[in-house]
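Student: Got a sequence here, can you model it:
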Amino acid sequence: MKNKLEIILVLLMLTLSLSAVYSVDGTNLANVMSDKLKFTNDSSHMNMTDGKLVLENVTFNIPDGFKEDKKSTQLDFYSDDPSLEGIRGSRCVFNNGDDHITYMVGYSLTSDSLLSQVDLLEESEGIHKTIANKDGIFSEENGEYAFLYKTENGYVQLLSNKEDLISHAII
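Tutor: Take a look at the predicted model:
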């Protein structure tokens with residue numbers, strides 16, 4: 001049970017670090033996870049063409065006018081922490097003026113990783129909701145919207161300051 005709670009805490013902290021990039025007071029909590037997560041920033045984990053983003057083999061729409069925030073994009077995260085063994089992922093951030101959307105894909109390399117064993121949709125707080133034919137957990141806090149849904153071997157999380165950007169992003 002301790003390991004299960006630890007992974008939920010790590011993913012929650014990663015979520016906080018993603019949304020903190022856009023906090024009003026400029027606080028960036030991305031460093032909170034620096035002791036748990038490392039990034040290779042290997043560009044093979046992301047591809048953009050014709051208004052589409054492919055991140056860790058998941059395809060998304062990029063809203064018109066949005067540009068990648070290369071300072072906030074982090075590709076191929078991993079951890080040396082044994083409790084997080086086999087968990088990988090990436091995030092990309094896009095901006096258009098004051099509007100933003102963050103795409104995050106986390107997945108498991110092995111069937112015995114904690115990410116494979118925990119159902120984050122059951123463990124997460126929020127509203128069970130279907131957006132663009134994806135069943136997941138939707139939440140809103142302080143003007144930030146988040147939607148988490150399951151993929152074949154992991155999860156996608158989308159964060160934005162506008163709810164409609166989330167539904168537009170999902171293919």
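Student: can you pull out the strands in this structure?
Tutor: Under the criterion DSSP state E, the chain contains strands at 38-39, 46-49, 52-55, 58-61, 67-68, 74-78, 87-96, 99-108, 127-131, 134-141, 144-150, 154-160.
Student: what stretches of the chain score poorly on pLDDT?
Tutor: 1-36, 83-84, 110-124 (pLDDT under 70).
Student: which residues touch I171?
Tutor: By C-beta atoms under 8 Å, 6 or more residues apart in numbering, the residues touching I171 are K52, T59, F60, N61, A132. (C-beta placed from N, C-alpha, C; glycine too.)
Student: Would you check that D69 makes contact with R91?
Tutor: No. Using C-beta atoms under 8 Å, D69 is not in contact with R91; the gap is 10.5 Å.
Student: if you count what's nearby, which of the two comes out ahead?
Tutor: Between D69 and R91, R91 has the larger neighbour count (other C-beta atoms under 10 Å), namely 25 against 15.
Student: Setting the sequence-adjacent residues aside, check what's closest to that one.
Tutor: Spatial nearest neighbour of R91, excluding adjacent residues (C-beta to C-beta, 6 or more residues apart in numbering): M104 at 4.1 Å.
Student: you'd agree the one you found is up against Q157?
Tutor: Yes. The criterion here is C-beta under 8 Å, and M104 meets it with Q157 at 4.5 Å.
Student: List the contacts of the closest residue to Y78 other than its chain neighbours.
Tutor: Leaving aside its chain neighbours, Y78 sits nearest to R88 (5.4 Å; criterion: C-beta to C-beta, 6+ apart). By C-beta under 8 Å, 6+ apart, the residues touching R88 are E56, D76, F77, Y78, G106, Y107, S108, L109.
Student: what about R88, distance to F60?
Tutor: Applying C-beta to C-beta, to the nearest Å, the value for R88 to F60 is 18 Å.
Student: Need the max-distance pair from the contacts of R88.
Tutor: Spatial extent of these (C-beta to C-beta) is set by the pair D76 and S108 at 14.1 Å.
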